[in-house]
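Participant: give me the fold of what follows.
(one chain, ligands or ions: 2)
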Amino acid sequence: MDTDSNRKRQRYLTWDQYFMAVALVSAERSKDPVTQVGACIVNADNRIVGACIVNADNRIVGIGYNGMPNGCSDDDMPWGKNSKDILNTKKLYVCHAEMNAIVNKICADIRGCKMYVTLYPCNNCAKIIIQSGIKHVVYFDDKNRHKDEAKASQYMFDKAGITIRKYNSTSTQLNIGTLKSRL
Ligand SMILES: O=c1[nH]c(=O)n([C@H]2C[C@H](O)[C@@H](COP(=O)(O)O)O2)cc1CO
Ligand SMILES: [Zn+2]
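Facilitator: Ligands and ions are numbered 1, 2, ... in the order given. So this is what the prediction gives:
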């Protein structure tokens with residue numbers, strides 16, 4: 001087989017695959033025992049805002065995953081969700097991936113950008129996405145799509161003119177397990 005081909009490599013990742021892979025890998029940093037979510041923001045030139053630039057605090061800027069607020073040790077905070085005492089669940093404390101990606105962004109103006117996120121955004125994330133100027137959202141998993149929070153998200157996205165679509169995963173499934181085994 002002619003390995004010295006002059007033609008460019010054919011089976012490279014599409015932009016969608018590349019950015020959703022970054023969001024999926026980011027989710028692997030989450031300590032949530034039930035749901036790990038990752039998000040990354042890309043600009044109109046298909047550039048990740050802050051592509052894996054790691055600053056002194058080990059924060060990959062422009063990318064985020066769901067986790068407890070800075071300073072609130074993952075070992076001290078509750079990660080459960082079923083306690084009758086909501087103060088003893090993660091619900092009131094965990095920072096959602098979308099919020100972290102926006103807070104971590106490295107450029108002031110992300111108007112017109114696109115967010116890749118591994119889970120359909122809740123209503124609170126929809127608000128911060130809209131307010132940040134992001135115009136497009138691509139999500140991977142819609143297990144929570146039936147919830148009122150997600151219905152409220154869709155209503156606000158429609159009103160605000162934000163496009164949202166499900167990642168077209170008919171192409172080769174990204175197997176995070178395989179990726180992790182190679183790291
Ligand atoms: O928009 C979102 N962004 C986000 O980061 N999350 C995170 C918060 C929690 O850590 C986790 C949801 O946990 P659970 O599936 O156990 O309800 O996903 C959840 C949503 C949607 O609810
Ligand atoms: Zn959310």
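Participant: pass me the low-pLDDT residue ranges in the protein, would you?
Facilitator: 1-4, 6, 46-61, 170-183 (pLDDT under 70).
Participant: flag every residue of it that's near ligand 2.
Facilitator: Contact residues, the chain versus ligand 2 (Cβ under 5 Å from the ion): 96, 122, 125. Backbone N, C-alpha and C define where each C-beta goes, glycine included.
Participant: restrict these to those near ligand 1?
Facilitator: When Cβ under 6 Å from any ligand atom is applied, the members of the residues of the chain next to ligand 2 adjacent to ligand 1 are 96, 122, 125.
Participant: for the residue nearest to the first one when sequence neighbours are not counted, helix, strand, or coil?
Facilitator: Among residues not flanking H96 along the chain, C125 sits closest, at 5.1 Å (Cβ to Cβ, 6 or more residues apart in numbering). Secondary structure of C125, reduced to three states by DSSP: H, G, I helix; E, B strand; the rest coil: helix.
Participant: now swap in the one 3 residues further on and tell me
Facilitator: Assigned state for I128: helix (three-state reduction, three-state DSSP).
Participant: thought I102 was touching it, still the case?
Facilitator: Yes - contact criterion Cβ atoms under 8 Å: I128 and I102 qualify, at 5.8 Å.
Participant: and the two? which has more neighbours close in?
Facilitator: Set I128 next to I102 and count neighbours by other Cβ atoms under 10 Å: I102 wins out with 24 against 16.
Participant: got a list of what that one touches?
Facilitator: I102 is in contact with 41, 64, 110, 128-129, 132, 134, counting by Cβ atoms under 8 Å, 6 or more residues apart in numbering.
Participant: what about 7 Å?
Facilitator: Contact partners of I102, counting by Cβ atoms under 7 Å, 6 or more residues apart in numbering, are 128, 132.
Participant: spatially central, which residue of this structure would that be?
Facilitator: By Cα atoms, centre = their mean, the chain has its centre lying nearest to A39, at 1.4 Å.
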